[in-house]
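A.B. asks: need coordinates for the below:
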Amino acid sequence: MKKIKFEYRITILYLLIGGFWIIFSDKFLLTITGDRELLTELQTYKGWFYVATTSFLLFLLLKSHLKKLRKAESEAKKSNELKTAFLQNISHEIRTPMNSIIGFSDVLNSQKLSEKQIKQFLAIIRNSSNQLLYVVDELLEISMLETKNVKVHHDTFLLNKLIDEVDEAFSSMVKNEIKFKVEKSLSDNESHIVTDSGKLRLIIMNLLHNANKYTASGSIKLSYTLKDEMLIFTVEDTGIGIEADKQEYIFTRFQKAHDEKNDTYDGVGLGLAICKGNINLLNGDIGFSTVPGKGSVFYFRIPYVRATQ
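C.D. replies: Here you go, the predicted model:
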């Protein structure tokens, strides 16, 4: 059924209230007095009472409606500004690796180089290609989450094995100045679980990438524990932390945990939004604690469903 527009609903409501007021108030006054002069005076007061009351109610109603409209307008404006900043940022994130790929490909094609130089340039091209692929994957992932075009696959797997694979993959990416540590709290038998392993791996890797990005030196620690039939995963770092004015928005798409004017950190501001979206699909939740300048701790929970042996 088509919803009646706001202005039509208000007009109809006003007419109905006015009609009922006139009919029933006149009948009530006739039961009080039959004196025409007094009745006329009472009807005047009744009219002024109706005007004053309905004016006050309309004022409250319009104030509430305008408040919602202004809030929606403010959110739309902010969203538009975020999208503009995102488009500017994404163009930089795509252009930078593309320039490397095209530039070094031209060098390889036009100059005679030593075998060492060729391997070096090919490594740069490969890394730039992976960086570009990562950006594209993030864009595809957030678009699928926004359109709810994502399915959860219930896999049976060893959680400890997945953590070991993440450890091996991330260890090769972590900065030399950072010590990376992994802790597992369940035995292999207990870590035989059922959930979407692909999404779980993506969530953990995104959080680790963020920790690596915002940590210049110190340590990063990945761990998990079991509590109240929930698996609690934790990623701790000794990085820059998150400023107070950014903490409220870090799980919002296109938002970054650092000052937009600071070009030190790359990324398109989608990683944490993707994490939150996938964790919601796994019936979990995510949170964090942080001390600006000292580091952050991100933790998320998902239900512990032990696989049948």
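
A.B. asks: list the contacts of the helix or strand harbouring Thr290.
C.D. replies: According to DSSP states H and E, Thr290 maps onto strand 285-291. Contact partners of strand 285-291, identified using CB atoms under 8 Å, 6 or more residues apart in numbering, comprise 241-242, 247, 250-251, 275-276, 279, 296-301. For every residue, glycine as well, the C-beta is placed using N, CA and C.

A.B. asks: next step: those residues restricted to helices.
C.D. replies: Cys275, Lys276, Ile279 (DSSP state H).

A.B. asks: can you select the buried ones from these in PyMOL?
C.D. replies: The buried residues among those can be selected in PyMOL (16 or more other CB atoms under 10 Å) with this line:
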select buried, resi 275+276+279
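
A.B. asks: and the ones in helices among the contacts of strand 285-291, which is closest to Lys77?
C.D. replies: The closest of the ones in helices among the contacts of strand 285-291 to Lys77 turns out to be Lys276 (CB to CB; 23.3 Å).

A.B. asks: touching, the closest one and Phe251? I think so.
C.D. replies: Yes: in this structure Lys276 lies within contact range of Phe251 using CB atoms under 8 Å: 4.6 Å.

A.B. asks: list the contacts of Pro303.
C.D. replies: Applying CB under 8 Å, 6+ apart to Pro303 gives the contacts Thr195, Glu229, Met230, Leu231, Leu282, Asn283, Gly284.

A.B. asks: what's near enough to touch the second one?
C.D. replies: Think Glu229. Glu229 neighbours (CB under 8 Å, 6+ apart): Pro303, Tyr304.

A.B. asks: low pLDDT regions in the chain?
C.D. replies: For the chain, the stretches with pLDDT under 70 are 1-2, 82, 85-86, 88-89, 253-269, 309.

A.B. asks: next one: the residue located most distally from the centre of it from Leu122, what distance?
C.D. replies: Within the chain, the residue lying farthest from the chain centre (CA atoms, centre = their mean) is Asp35, at 69.6 Å. Per CB to CB, to the nearest Å, Asp35 is found 105 Å from Leu122.

A.B. asks: and if you look at Ile32?
C.D. replies: According to CB to CB, Ile32 stands 99 Å off from Leu122.

A.B. asks: neighbour-wise, which of these two wins?
C.D. replies: Each of Ile32 and Leu122 has its neighbours counted (other CB atoms under 10 Å); Leu122 has more, 13 against 10.

A.B. asks: pull out the buried residues from stretch 38-50.
C.D. replies: Leu42, Lys46.

A.B. asks: ok now that stretch, how far from the chain's centre?
C.D. replies: Its chain's C-alpha centre and that of stretch 38-50 lie 57 Å apart, by CA atoms, centre = their mean, to the nearest Å.

A.B. asks: and that stretch, C-alpha only, in PDB?
C.D. replies: Only the C-alpha atoms of stretch 38-50 are listed here, as PDB (Å, rounded to 0.1, in the frame of the first residue of the first chain):
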ATOM      1  CA  LEU A  38     -23.600  32.900  27.200                       C
ATOM      2  CA  LEU A  39     -23.400  30.200  24.500                       C
ATOM      3  CA  THR A  40     -21.900  32.700  22.000                       C
ATOM      4  CA  GLU A  41     -19.300  33.800  24.500                       C
ATOM      5  CA  LEU A  42     -18.400  30.200  25.400                       C
ATOM      6  CA  GLN A  43     -18.000  29.400  21.700                       C
ATOM      7  CA  THR A  44     -15.600  32.300  21.200                       C
ATOM      8  CA  TYR A  45     -13.400  31.000  24.100                       C
ATOM      9  CA  LYS A  46     -13.800  27.500  22.600                       C
ATOM     10  CA  GLY A  47     -12.600  28.800  19.200                       C
ATOM     11  CA  TRP A  48      -9.600  30.600  20.700                       C
ATOM     12  CA  PHE A  49      -8.700  27.500  22.800                       C
ATOM     13  CA  TYR A  50      -8.800  25.300  19.600                       C
END
